[in-house]
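Colleague: 3D model of this:
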Amino acid sequence: MVTTSDFCQRIKQPNPSSILYSSIRDHISNGTPKEALLIYTQNRRNPLNLLSLLPLVFKACAFLSLTNYGKSLHSESIKVGLQSDVVVGTSIVNMYGKCCNIIDARKVFDEMPVKNVVTWNAMISGYMRNRATQHALHLFNKMADRTAVSWIEMIDGYAKIGDIVMAKCFFDEVPLTLKNVITWTVMVDGYTRNGEMKAAKDVFDAMPERNLYVWSSMISGYFKNGDVESGEAIFNRIPFRNLVNWNSLISGYSQNGLCEKALEAFSKMESDGFEPDQISFASALSACAQLGLLKTGKDLHKMIIQKRLKLNIFVSNSLVDMYAKCGDLINARLVFENMKESERNDSCWNAMISGFSIHGHCKEALEFFDKMEKSKVNPNEITFLSVLSACAHAGYVEKGLEIFCKMRKYGLLGNVKHYGCLVDILGRAGRLKDAYQVVNEMPMKPNESVWGALLGACRVHSDIEMANSVVEKVNAELTQFGYVVMSNMYVASERWEKAENSLMEQLNVLEKPRQSSSDLQGSYEDTHKHYEGVERVCTKGVFAQN
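Modeller: The predicted model follows:
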C-alpha cells in the first residue's frame, strides 16, 4: 500500500528522463550537439522516455550530419514502435534531409500514417536543401494547408541556390496574413547573399517592421560587396543594437582589411556592455593577424581564457592563424596541438604550414604537410602554394617537383601562382633551361610574376643569353620591371652599351599608350583559373628525369 508520505517522497525525487531531456535540450540550444549525443549514449542502458528524447537526438544528428548514427536511432525507433509517432517521424525526415539523404527522407515521409504541416515543411526543406526544386514545388502545390514556414522554406531554398527570381516570385505570392517579419527578412537575406544590394535595400526599406537579424544581414551584405560606407550607415541607423549587429560590423571591417577599425569597434562594443562571443573574438584575432599585433592578440587570448569561453573551431583557427602570422610559432603550435584532430580543418593546417613557410621554417612546413596528408584533411590549392614557396626558399628542388606533381593526387589543377613557384624553385637552383621550359609549357598565359621570377633567376646567375631569350619571347609584353632587371644584369657584367640600350627600350615602352583596364583584363582573365595541362607538364619535359 502506497502511503501519502511515500507518494510525496516520489514527487520530490527528480524524474531521470526529465533531467536527461533538459540536459540534452540545453546542449542543443547552446550549440554543443556532440555533448548532447554523448549524454544520450551514456544513458541508453537506463530506462528512458524515448518518445520525448528521440526528436532531440535526431536534431543533434541533423546538426552534425551524422547519417550513420541517425540510421541506428531510426532502427531503434522502429524496434520500440515509435516511428509512426508524428513528432518522431517528422524528426527522422528532417534528419535525413539535413544529412543529404533525401531518398530515405522521402521513404519515411511516404510511410508515415499521420503527417502534419510540420512534416510537409520538413520534407520540402530537405528537397530544397538538396536542390531538388521540382520535387519541393510538387509537394508545395499538394499541401492542403500552408503556414508561413512553408513559404519561407521555398523562398529561402531558391535564394540559397542563387535563383533569386523564383525566390522573389514566391515572396510576392505570400498571403498578407502569412507575410511576417521573418518572411521579409528571408527575402532581404536572399538578396544580400547573392550580392544584389540595391534590390535588398528596396525590400528592406519597404518592411513594415524590422528585426535585429535583418539589420545584420544588410550590414554583412554591404561589407561583403566592399561598400564599407553603406555598411556603416546601416549600423548607425539601428535603434537598439545586439551582439549580432556588432559582430557583423567587426567582421566586416576585418574582412575588408580595416583592421584598426575592427579593433576599435570591438572595444566600443565592450564599453557598451556587450560580452564578446566566439564570433567577436575570431574577427578581432583576424584583425590582429593582418596587422601583426602579437601583444593585442595575446591579450585577446587571455580574455578568452578568463571568460572561460569555449574554444570552438573558429576561435581555435583564428588563434593559430594570429600566432603564426605574427611569428609566434611556438604558441601557434601549442594551440594547434591542443585542438582535437576532428577540429583541425584545412584552414587550420594551412595557417600552420603558411606560418612556418613565411618565417623561414621550411623543414617544419614540410613536416606539417606530411602530417596533413596522413590526417583526414586533404591539402588544397593554398596548402600547395605555401609548401612550394617553402621549397623555393629552402632550395629543395626535387622535393618541390615531387610536391607539385602531388596536386594531381588530390584532383587539383595548378594555377599561375603554383607555376610561378615552380619557376622560382628551378630558377633559384640555376636550372634556367628547365624553368624556361616550364614557362613555355604552362597551360595558361604567364603573368608578370612568372616572367619576373625567371628574369630574376637570370640576373642572380648572370645568364644574359637566357635573359635575352626571355625578352625576345615576351617582346612588347615585357614590363618596365623586366627592362630594369636586364639593365642591372648588363651593368653587373660591365656591358655598358647593352645597359644603355636596355634603358632606352624601357623609356620607349613608358612613352607608349597604356592598355585599357578592359584590355588587360581580357589578356589576363584566365591566369588564375585551373587548367588540364598539369599532368602533361608533370610527365614531360622538366620532370622526365624524375
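Colleague: C-alpha only now, for contacts and for neighbours.
Modeller: OK.
Colleague: Low-confidence regions, the protein specifically.
Modeller: The model of the chain has pLDDT under 70 over residues 1-17, 45-49, 474-546.
Colleague: could you list every residue that touches the residue nearest the centre of the chain?
Modeller: Residue closest to the average C-alpha location in the chain (CA atoms, centre = their mean): S347, at 8.1 Å. For S347, the contact set (CA atoms under 8 Å, 6 or more residues apart in numbering) comprises N317.
Colleague: Would you mark the buried spots in the helix or strand harbouring S75?
Modeller: Applying DSSP states H and E as the criterion places S75 in helix 67-79. Neighbour counts over helix 67-79 (16 or more other CA atoms under 10 Å) mark 67, 70-71, 73-74, 77 as buried.
Colleague: Next: stretch 350-367.
Modeller: Residues of stretch 350-367 classed as buried: 350-359, 361-366 (neighbour count, 16+ other CA under 10 Å).
Colleague: Sort out which of those are in helices and list them.
Modeller: Members of those lying in helices (criterion: DSSP state H): 350-358, 362-366.
Colleague: what packs against whichever strand or helix holds K295?
Modeller: When elements are assigned from DSSP H and E, K295 belongs to helix 294-306. In terms of contacts (3 or more CA pairs under 8 Å, 6 or more residues apart in numbering; DSSP states H and E), helix 294-306 is packed against helix 278-291, helix 313-325.
Colleague: Could you point out which of the ones you listed sits nearest K34?
Modeller: helix 313-325 (13.4 Å; CA to CA).
Colleague: who's in contact with that closest one?
Modeller: With contact meaning CA under 8 Å, 6+ apart, helix 313-325 is reached by 278-279, 281-283, 285-286, 288-290, 292, 294, 297, 301, 329, 331-333, 335-336, 339, 343-344, 347-348, 351-352, 354-356.
Colleague: immediately after it, which helix or strand?
Modeller: helix 329-338.
Colleague: how about the CA coordinates for that following helix, as CSV?
Modeller: Taking Å, rounded to 0.1, in the frame of the first residue of the first chain, the C-alpha atoms of helix 329-338 are listed here in CSV:
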residue,chain,number,x,y,z
LEU,A,329,55.2,29.7,-33.9
ILE,A,330,55.6,28.1,-30.5
ASN,A,331,52.2,29.3,-29.3
ALA,A,332,50.7,28.6,-32.7
ARG,A,333,51.8,25.1,-32.4
LEU,A,334,50.6,24.8,-28.8
VAL,A,335,47.1,25.9,-29.8
PHE,A,336,47.2,23.6,-32.8
GLU,A,337,48.3,20.5,-30.7
ASN,A,338,45.6,21.2,-28.1
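Colleague: Which positions in it come out as buried?
Modeller: Residues 329, 331-332, 336 are the ones in helix 329-338 that count as buried (16+ other CA under 10 Å).
Colleague: Check the buried residues of helix 67-79 against M154 and report the nearest one.
Modeller: Distance to M154, by CA to CA, is smallest for T67 among these, at 24.4 Å.
Colleague: wait, that closest one sits on K98?
Modeller: No: between T67 and K98 there is no contact under CA atoms under 8 Å: 9.2 Å.
Colleague: re the thing from before, dump the buried residues of helix 329-338 to JSON lines, plus distance to K473.
Modeller: As requested, those are arranged in JSON lines below (distance: CA to CA, whole Å):
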{"residue": "L329", "distance to K473": "43"}
{"residue": "N331", "distance to K473": "48"}
{"residue": "A332", "distance to K473": "45"}
{"residue": "F336", "distance to K473": "47"}
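Colleague: Now do the host helix or strand of A457: which elements does it pack against?
Modeller: Assigned by DSSP H and E, A457 falls within helix 448-460. Other helices and strands packing on helix 448-460, by 3+ CA pairs under 8 Å, 6+ apart, are helix 416-428, helix 432-441, helix 464-474, helix 480-492.
Colleague: out of those helices, nearest to S91?
Modeller: Here helix 416-428 is closest among the helices and strands packed on helix 448-460 (CA to CA), at 46.9 Å.
Colleague: Please report how far the closest residue to S150 other than its chain neighbours lies from F109.
Modeller: Computed as CA to CA, 6 or more residues apart in numbering, the closest residue to S150 that is not its neighbour in sequence is N121, at 5.6 Å. Per CA to CA, to the nearest Å, N121 is found 11 Å from F109.
Colleague: The two: who's more crowded?
Modeller: Neighbours were counted for N121 and for F109 using other CA atoms under 10 Å; N121 has more, 26 against 21.
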